[in-house]
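Asks: The following comprises the amino acid sequence and a computationally predicted model.
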Amino acid sequence: MTDLDIRPVVVEPERVLTLSAANPAGLSALLDRPDAEVLALPTGVADGARLGIVDPTPRRLALARKVVARGRALRGRDDVWFSPDPLLRTGRTAFVFPGLEADFAPRVDDIADLLGQPVPDLATHTVGRHGMAVLAVGRLLDTALRRLRITPAALAGHSVGEWTAMIAGGVVTGADFDAMLARTDLDALRVPGVEFAVLGTTVERVAEAIADHPDLVVSHENSTNQTVVCGPGEQIEDLVARMRRAAVICQVLPFRSGFHTPMLAPYLGEFEQGVPSLRMHAAAIPVWSATTAAPFPADPAAARALCVRHLIEPVRFRSTVQALYADGIRVFVQAGPGQLGSLIDDTLRDADHLTVVANTAQRSGVDQLRRVATALWVEGGDPDFAALAPAAPPVSRLAEWADRFPAVLELAALIEDTTAAVEAVLAAAEPPPAAVDRTLRVSTADMPYLVDHCFAWQRADWPDEDDRRPVVPATTVVQHLIDAAQAAAPGRAVLGVDDVRLRRWLDAAPAVDVPVRVRPLDADRVTVELGDYASGTVVFGARHPQAPPAWPAQPDEREPDLSARDLYAQRWMFHGPTYQGVTRTVAVSAHTVRAEITVPTAPGALLDNVGQSLGHWLISNHPDRWIAFPVSIDRIRFHAAPPGPGSTVECAVRITDIDDTMVRAEAQVRSGGVVVVAIDGWADTRFDSDAAIAAVHRFPETSTLSQRTDGGWWTAAERWPGLASREFYLRKYLGSAERAEYEACLPTDRRRWLLRRVVAKDAVRGHLWDAGYGPLFPAEVRVHHDGSVTGVAGLVIPPLRVCVDSSHELGVAVVGGRIAVAAMDDADVVAARARLARFWHTPEHQPAAAEATGGGGLDLTVSPGVRTELVANPAGLPARHYVVAWTAPHKEETP
Amino acid sequence: MTTTTGPTVDAVLDDIRSMLVRVLDQYGLDDVEITTATTFHEDLGLESIDLVTVGSMMTDQYGEQVNLAAFLADLDIDDVIGLRVGTLVDFVHAALSGPPRTGS
């Protein structure tokens, strides 16, 4: 070591005292002791009344004793929060994002550090820049608040803050917004040179005052006692003078623009190319429009139209706050600096609510967030105070520079040799990757996004999570390989992953602990094993490798028949929202497919959507065998930082090889035409999936693997002979109790058992459908060993009995009758007949049976009610004929 | 012409203190210490919208002679942010001690 001693300066965070009791009297009792003892009290679990104090000084404790004794809420005065009846027990939280105000002094450096994000550009010298600085601070705070586990139930914004709300709520993605911003010259935006006056009075009084001045309009109905008027400078000056004479407090804002007035209309063209031009999505969290004082419409066209109205119609912030309150919002977190919260207080007055400011010039960003967390906790929230402490390991400095200053990369290209030499030195200085062993807990509680990656559809309120079969997708496994590798080499940039092998499904229900084993291979590579489920080699480096050129479009490309919407709506893809990223199917050809992907939030979801595009290619080109899942990926390279959630990228997939069992492909993910991720040797194993059985994959509640015959009995041919396919369909048919039965079978008996169970359940569902039952998932009916049937999880069905039999690849079943099947192999015909005879061996049929076993031939048709039919295996299975004998349901005799 | 004699400075401070307590009570606090050195924003946590309430309370109490809006118009934004209770007291006292306005 050198004598240079660089140690981080440790600043102890402010202490937060949190206390709870069943009621204010209980809290008073807790506080009725010396300060030192109060400070040593545990938080407590009651939520009847809560108290929170940041930096509990003797003075603040004294104040707390006083307000608690009085029993009335105190919300933030002198950093003390007390709620006798926490608001969030019944109320909900909204984030409100400020717009442009006269004063803008955010404190966000330490928050950006905490989040590992760059400090936003806070310049305000033009209206365009001012707006974007306000917006960037709002987004940063939104991220920080959610990191603190403070999640909004509604979002709203004032003026430009409404765009922040739209991003935070997912109406437009942050990535799309950033791309739009990158192509906008903020300093060149033209706005009308009109002025704003903030008037401290009601909108009614203002309307009266400007009634005879057609050039003056109300641009903002801010709060009960604050209204903004916009118009030409001279008239604004005149209005302000008049109003001041009438003792109305006025302020002329230090910037000009005609936003939210008809005066902007002639300038609208440029702004329509802005936010209204972006792809609109249904909001993930309701975003309230201050134009309509109602949530944004889900329809993209309507949302876009509202965006335009927002630019030229008044901001009705007061009405919006009242509507939010009426909707149950009681806690308003102001996600930015400024006075927006005071407008809310002015509007809501004595109505019980909390406003809390998430940023202020008065103290550091993190210290203010601590107050937000305290305030929310006191109202019954559950913020994560620990998230306020910095924990992130330092990132590689070169990578950080390259991210923040693109010019570093250009410079690097110019002085390649020098850079390489520098990197060699730096790499030598990097500690080698370490061996790491840890455990990954796989469950839907630990990985909530997995509820969007379930293999088996079930009824909406289905109680048994196992039956949905949440599975960790291969691509999420890849992300876990990367995450584990990063723990072995903190701070180093991951350039790619090689030799990914996916050996078996990693089911998330029931929960499982998977050992993760990271071992260094050399200075830049580690192998990672996730139990015996998956493995791969993760590659580190100083710099992302140079991107290969984007592939040209194929001349035989055609417009896809299947839209992105239908890909999910028609359940071709079973993925839920956090994995649904294909937002446009762009083109397909004989060997390629292209799609637009808007990166969803689940870990690994970007690559998952590359896989979904491959799936789309299979659906388009091989409809008889389109279901496929990844088994290996030879090589993944990141040529830039992987695009984050919300980014819109293009995905191109080229098929390199295909046969009945396997499809191999390579892929590019591009952003702005530049390749950011390249993938080679992506191999999917293909599953038996002709139209009939694929229907069960997509719509199990209305589809069957079996077929109904003219005779009213059901037959199923086993088209899932492979273990992987069998396991795949098994999970669609069996509830957890039945799966236990399956597991209890001797391995040699399992195929037969499953075939019989499938055809029996289809016969039962067919019978119930005939009786007027609507869609029924296979797991909703349970067939027992004795042929009785019960409904599962609340399904009520009449008493009925199903009879089932199988031979080789054929299963048969009938409800309310009896049935048997025997193969008619030439060599085996006698045995087959004997088998049938035994089946009918009941006292009534003794004579016929005796005749049969005597070798005199068997004519089952003479037995009362018994009918026979010859059937054959369908194409694709071994050629085989069978005799099926059955009694029609209505002929059954009660034993 | 007579010169009206207004209330004393202390009386005005008492008035303004009670106005501020009424505003503060809306936020749950009614017993803070208020002196002439107390700042409106930093010490009391009040925002400019609260001045509207204080302004109308002043008008109710003293009549149109005390026009807080006109007074604030002469201040720049930093002065408003740093406003002290003493400044308000001086303004009110001066407005009430001067000759009654005419022509209004």
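Replies: Good, I have the coordinates.
Asks: What's the biggest helix in chain B, counting residues?
Replies: helix B:9-25 (DSSP state H).
Asks: List the buried residues for that one?
Replies: Neighbour counts over helix B:9-25 (16 or more other CB atoms under 10 Å in any protein chain shown) mark B:12-13, B:15-17, B:19-20, B:23-24 as buried. All C-beta atoms are positioned from the backbone trio N, CA, C, and that covers glycine.
Asks: pLDDT of the next helix or strand after it, averaged?
Replies: As assigned by DSSP states H and E, the chain's next helix or strand after helix B:9-25 is helix B:48-62. In this model, helix B:48-62 carries a mean pLDDT of 88.
Asks: Tell me the spatial nearest neighbour of residue A:375, not counting adjacent residues.
Replies: residue A:356 (4.4 Å; CB to CB, 6 or more residues apart in numbering or on different chains).
Asks: okay but the one you found is in contact with residue A:372, surely?
Replies: Yes: the pair residue A:356 and residue A:372 qualifies as a contact (CB atoms under 8 Å) at a distance of 5.2 Å.
Asks: Quick check, central residue of the chain?
Replies: Answering for chain A, as no chain was given. residue A:578 (2.5 Å; CA atoms, centre = their mean).
Asks: um, chain B though
Replies: residue B:88 (4.1 Å).
Asks: so what pLDDT did that one get?
Replies: Per-residue pLDDT puts residue B:88 at 90.
Asks: element containing it?
Replies: Residue B:88 belongs to helix B:85-97, assigned by DSSP H and E.
Asks: ok, that helix near chain A or not?
Replies: No: against chain A, helix B:85-97 shows no contacts by CB under 8 Å from any CB of the partner chain, the least distance being 11.6 Å.
Asks: So which other helices or strands are in contact with that helix?
Replies: helix B:9-25, helix B:48-62, helix B:68-73 (3 or more CB pairs under 8 Å, 6 or more residues apart in numbering or on different chains; DSSP states H and E).
Asks: Extract the CA atoms of it and return them as PDB.
Replies: Taking C-alpha atoms only, helix B:85-97 is exported to PDB below (Å, rounded to 0.1, in the frame of the first residue of the first chain):
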ATOM      1  CA  VAL B  85     -42.400  38.500  12.000                       C
ATOM      2  CA  GLY B  86     -40.700  41.800  13.100                       C
ATOM      3  CA  THR B  87     -40.900  43.000   9.500                       C
ATOM      4  CA  LEU B  88     -44.600  42.300   9.400                       C
ATOM      5  CA  VAL B  89     -45.100  44.000  12.800                       C
ATOM      6  CA  ASP B  90     -43.200  47.100  11.700                       C
ATOM      7  CA  PHE B  91     -45.200  47.300   8.400                       C
ATOM      8  CA  VAL B  92     -48.500  47.000  10.200                       C
ATOM      9  CA  HIS B  93     -47.500  49.500  12.900                       C
ATOM     10  CA  ALA B  94     -46.400  52.000  10.300                       C
ATOM     11  CA  ALA B  95     -49.500  51.600   8.200                       C
ATOM     12  CA  LEU B  96     -51.800  52.200  11.200                       C
ATOM     13  CA  SER B  97     -49.700  55.100  12.600                       C
END
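Asks: Show residues contacting that helix.
Replies: B:4-7, B:9, B:12-13, B:15-17, B:20, B:34-40, B:54, B:58, B:62, B:65-68, B:71 (CB atoms under 8 Å, 6 or more residues apart in numbering or on different chains).
Asks: and chain A, which of its residues are near chain B?
Replies: Counting by CB under 8 Å from any CB, chain A sits next to chain B at A:66-67, A:72-77, A:102-103, A:200-201, A:223, A:225-226, A:240, A:243-251, A:339, A:341-343, A:345-346, A:349-350, A:362.
Asks: Give me the subset of those residues lying in strands.
Replies: Counted as lying in strands by DSSP state E, out of these, are A:74-75, A:223, A:226, A:250-251.
Asks: Those residues into CSV, with extra columns for distance to residue A:547, neighbour count and pLDDT?
Replies: Converted to CSV, those look like this (distance: CB to CB, whole Å; neighbours: other CB atoms under 10 Å in any protein chain shown; pLDDT from 0 to 100):
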residue, distance to residue A:547, neighbour count, pLDDT
A:74, 58, 22, 90
A:75, 53, 22, 90
A:223, 52, 25, 95
A:226, 52, 27, 94
A:250, 57, 22, 91
A:251, 52, 20, 88
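Asks: between these, which is closest to residue A:305?
Replies: Distance to residue A:305, by CB to CB, is smallest for residue A:223 among these, at 27.1 Å.
Asks: Isn't that closest one up against residue A:319?
Replies: No: the pair residue A:223 / residue A:319 is not scored as a contact, 10.4 Å apart, by CB under 8 Å.
Asks: For the longest helix of chain B, output the C-alpha coordinates as PDB.
Replies: Extracted in PDB, the C-alpha atoms of helix B:9-25 (Å, rounded to 0.1, in the frame of the first residue of the first chain):
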ATOM      1  CA  VAL B   9     -45.800  47.700  18.600                       C
ATOM      2  CA  ASP B  10     -46.300  45.200  21.300                       C
ATOM      3  CA  ALA B  11     -50.100  45.100  20.700                       C
ATOM      4  CA  VAL B  12     -49.400  44.600  17.000                       C
ATOM      5  CA  LEU B  13     -47.000  41.800  17.800                       C
ATOM      6  CA  ASP B  14     -49.700  40.200  19.900                       C
ATOM      7  CA  ASP B  15     -52.200  40.500  17.100                       C
ATOM      8  CA  ILE B  16     -49.900  39.000  14.600                       C
ATOM      9  CA  ARG B  17     -48.900  36.200  16.900                       C
ATOM     10  CA  SER B  18     -52.500  35.200  17.300                       C
ATOM     11  CA  MET B  19     -53.000  35.300  13.600                       C
ATOM     12  CA  LEU B  20     -50.000  33.100  13.000                       C
ATOM     13  CA  VAL B  21     -51.100  30.700  15.700                       C
ATOM     14  CA  ARG B  22     -54.500  30.400  13.900                       C
ATOM     15  CA  VAL B  23     -52.700  29.600  10.700                       C
ATOM     16  CA  LEU B  24     -50.300  27.200  12.400                       C
ATOM     17  CA  ASP B  25     -53.200  25.400  14.100                       C
END
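Asks: who touches residue 48 in this structure?
Replies: Using chain A. A:20-23, A:26, A:85.
Asks: ah, no, chain B please
Replies: Here residue B:48 is in contact with A:200, A:249, A:251, A:339, A:342, B:80 (CB under 8 Å, 6+ apart).
Asks: on that earlier part again, beta partners of the residue nearest to residue A:375?
Replies: Beta bridges link residue A:356 to residue A:333 when assigned by DSSP bridges.
Asks: pLDDT of stretch A:589-601, averaged?
Replies: Stretch A:589-601 comes out at a mean pLDDT of 94.
Asks: Sorry, slip of the keys, the one I care about is stretch A:35-43.
Replies: Computed over stretch A:35-43, the average pLDDT equals 92.
Asks: now swap in stretch A:18-29 and tell me
Replies: 94.
Asks: contacting residues around that stretch?
Replies: Contacts for stretch A:18-29 (CB under 8 Å, 6+ apart): A:30-31, A:38, A:41, A:43-52, A:65, A:68-69, A:71, A:82, A:84, A:374, A:377-378.
Asks: Recalculate using a threshold of 7 Å.
Replies: Outside of stretch A:18-29, the residues within contact range by CB atoms under 7 Å, 6 or more residues apart in numbering or on different chains are A:30, A:41, A:43-52, A:68-69, A:71, A:84, A:377.
Asks: again with stretch A:272-285
Replies: For stretch A:272-285, using CB under 7 Å, 6+ apart, the contacting residues are A:152, A:154-155, A:163, A:169-172, A:176-177, A:180, A:184, A:296, A:298, A:300, A:303-304, A:307-308.
Asks: are any of those residues buried, and which?
Replies: A:152, A:154-155, A:163, A:169-172, A:176-177, A:184, A:296, A:303-304, A:307-308.
Asks: what's the most distant pair in those?
Replies: A:154 and A:184 (28.6 Å).
Asks: what about the closest residue to residue A:99 other than its chain neighbours, distance to residue A:331?
Replies: Counting by CB to CB, 6+ apart, residue A:159 is the residue found nearest to residue A:99 once chain neighbours are left out, at 2.8 Å. From residue A:159 across to residue A:331, the span is 22 Å (CB to CB, to the nearest Å).
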